[in-house]
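K.L.:
Got a predicted structure here, sequence first:
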Amino acid sequence: MSALLKSFSSFLGSSIGKKLLVALTGAVLVLFVLGHMIGNLLIFVGPDAINEYGHFLQTMIHGAGVWIARVGLLVCAVLHVVLTIQLTRENRAARSQRYGYTATIQASKSSRIMILSGLTILAFIIYHLLHFTVHAGNNYGTYQVMLHGEKVHDVYKMVVAGFSWLPASIFYIIAMLLLCSHLSHGVSSMFQTLGLATERTRPIFEKIGSAYAAIILIGNCSIPIAVLLHFVK
């Protein structure tokens, strides 16, 4: 058993193991982003729809489900960023030894964009949790409304109040632009790392990545824009 764990640990510490973990954590985050967007778009259906959705999440597994999901997603995000940085450094060092200075500079320009967007997204996730989940610096947790004869958290009012503050909406939109830049490249790379992309199918997966990123960008940014323009109020 000890030898098996040692082998498994060595595999995860290898370049291939790290790439696999980056791809798997990326896949989890990609699925979450889509599901999270779909749930948030219920705000356009009306207050009852998104409040019912929010109440379901908050009461799932007696209230523990949503926190299990949040902690798990935060761990995935941290692992994804940390391992990506480690792989970038390893690749940069390898290219420096093999190809010389010029190739290293070209490689680092591309990798810096992914690291910058990844770190910004991680910072945004922490801010987003503090803003809408922990309610740091605001009283959103006190917003309540009657739903089917039961007093529940007024998610609709919270979202409108949160995005009515212009700096929060601007930061959100900037984060979404960086997220979708990250997703456009990351989704296609994920399929390649998992061995699902070939030379023939790679252009298809690149288009899938771009289309997915565009859908997420439009869907997520539509909410703060609608609030700022008073389409949702």
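P.N.:
Great, that's in hand. Numbers count the residues shown, from 1 in each chain.
K.L.:
going forward, measure contacts and count neighbours with C-alpha atoms only.
P.N.:
Fine.
K.L.:
thought residue 76 was touching residue 27?
P.N.:
No - here residue 76 does not reach residue 27: they are 9.8 Å apart, not a contact under CA atoms under 8 Å.
K.L.:
Between those two, which has more neighbouring residues?
P.N.:
residue 76 (20 against 17; other CA atoms under 10 Å).
K.L.:
what's the longest helix in this structure?
P.N.:
helix 64-99 (DSSP state H).
K.L.:
And that one, what's buried?
P.N.:
66, 73-74, 76-77, 79-85, 87-88, 91-92, 95-96 (16 or more other CA atoms under 10 Å).
K.L.:
just the strands in this protein please.
P.N.:
144-147, 150-153 (DSSP state E).
K.L.:
which strands and helices sit next to the last one?
P.N.:
So the one you mean is strand 150-153. On a contact count with 3 or more CA pairs under 8 Å, 6 or more residues apart in numbering; DSSP states H and E, strand 150-153 meets helix 47-59, strand 144-147.
K.L.:
and for stretch 46-53, what are the contacting residues?
P.N.:
Outside of stretch 46-53, the residues within contact range by CA atoms under 8 Å, 6 or more residues apart in numbering are 39-40, 42-43, 147, 152-156.
K.L.:
how about that stretch as PDB, C-alpha atoms only?
P.N.:
Taking C-alpha atoms only, stretch 46-53 is exported to PDB below (Å, rounded to 0.1, in the frame of the first residue of the first chain):
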ATOM      1  CA  GLY A  46     -38.100  36.900 -12.200                       C
ATOM      2  CA  PRO A  47     -37.500  37.200  -8.500                       C
ATOM      3  CA  ASP A  48     -39.300  33.900  -7.600                       C
ATOM      4  CA  ALA A  49     -37.300  31.900 -10.000                       C
ATOM      5  CA  ILE A  50     -33.800  32.900  -8.800                       C
ATOM      6  CA  ASN A  51     -34.900  33.100  -5.100                       C
ATOM      7  CA  GLU A  52     -36.200  29.500  -5.400                       C
ATOM      8  CA  TYR A  53     -32.900  28.400  -7.000                       C
END
